[in-house]
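Asks: Generate coordinates for the sequence data below:
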Amino acid sequence: MGKPYHLLTYNRQEGRNVTVIAHRGASAYYPDNTLISLEGAIEMEADMAEIDVLLTRDGVPVVIHNERLSRLSGGHGRVAHYTCLL
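Replies: Purely as a prediction, here's the structure:
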C-alpha cells in the first residue's frame, strides 16, 4: 500500500501539522484548473494541488471540472460526448 495522501507532498514544511491543498490550483486568484492557477499554487507554497481530469469520447484526458461544457464555454453537452481535435 502507498503512502497516505497527506504525506505525498512536494513542499511540506518541517514542523507544520497541516497540509495545504490548492483546490483546482489557486482558484481564488486565477481561473480554476489552468496552468496559471497551478503555477500560482506553487508560488503560494501550497503543499499540493488538486485538479479535475475528464476523458473525451476518444479517451483523451482533459482538465475541466464540470462534465457539461456550458459552465465555462459556449459549448453544449458533456465532455465525454466530444472527441479531441489535436
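Asks: Give me the neighbour count for residue 74.
Replies: Burial of residue 74 is recorded as 6 neighbouring residues (other CB atoms under 10 Å). C-betas here are computed from N, CA, C, even on glycine.
Asks: Could you do residue 73 as well?
Replies: Using other CB under 10 Å, residue 73 has 10 neighbouring residues.
Asks: Name the residues that touch stretch 59-79?
Replies: For stretch 59-79, contacts defined as CB atoms under 8 Å, 6 or more residues apart in numbering pick out 24, 32-34, 51-56, 80, 82-84, 86.
Asks: repeat that with 6 Å
Replies: Residues from elsewhere that reach stretch 59-79 (CB atoms under 6 Å, 6 or more residues apart in numbering): 33, 51-56, 84.
Asks: shouldn't residue 32 be in contact with residue 24?
Replies: Yes. Applying CB atoms under 6 Å, one finds residue 32 in contact with residue 24, separated by 3.6 Å.
Asks: Now rank the contacts of stretch 59-79 by neighbours and give me the top one.
Replies: With neighbours taken as other CB under 10 Å, the top of these is residue 33, carrying 22 neighbours.
Asks: The residue located most distally from the centre of the chain and residue 78, how far apart?
Replies: Ranked by distance from the centre of the chain (CA atoms, centre = their mean), the top residue is residue 15, with 26.8 Å. Computed as CB to CB, to the nearest Å, the residue 15 to residue 78 distance reads 45 Å.
Asks: for residue 48, same thing?
Replies: In this view, residue 48 and residue 78 are 28 Å apart by CB to CB.
Asks: can you map out the helices along this protein?
Replies: Under the criterion DSSP state H, the chain carries helices at the ranges 35-43.
Asks: In it, mark out all the strands, start to finish.
Replies: Secondary structure of the chain (DSSP state E): strands at 21-23, 48-50, 53-55, 61-63.
Asks: Low-confidence bits of the protein, can you list those?
Replies: Low-confidence segments of the chain (pLDDT under 70): 1-13, 16.
Asks: do that again at 80, thanks
Replies: Along the chain, segments meeting pLDDT under 80 span 1-19, 71-73, 86.
Asks: most centrally placed residue in it?
Replies: Relative to the centre of the chain - CA atoms, centre = their mean - the closest residue is residue 51, sitting 1.3 Å away.
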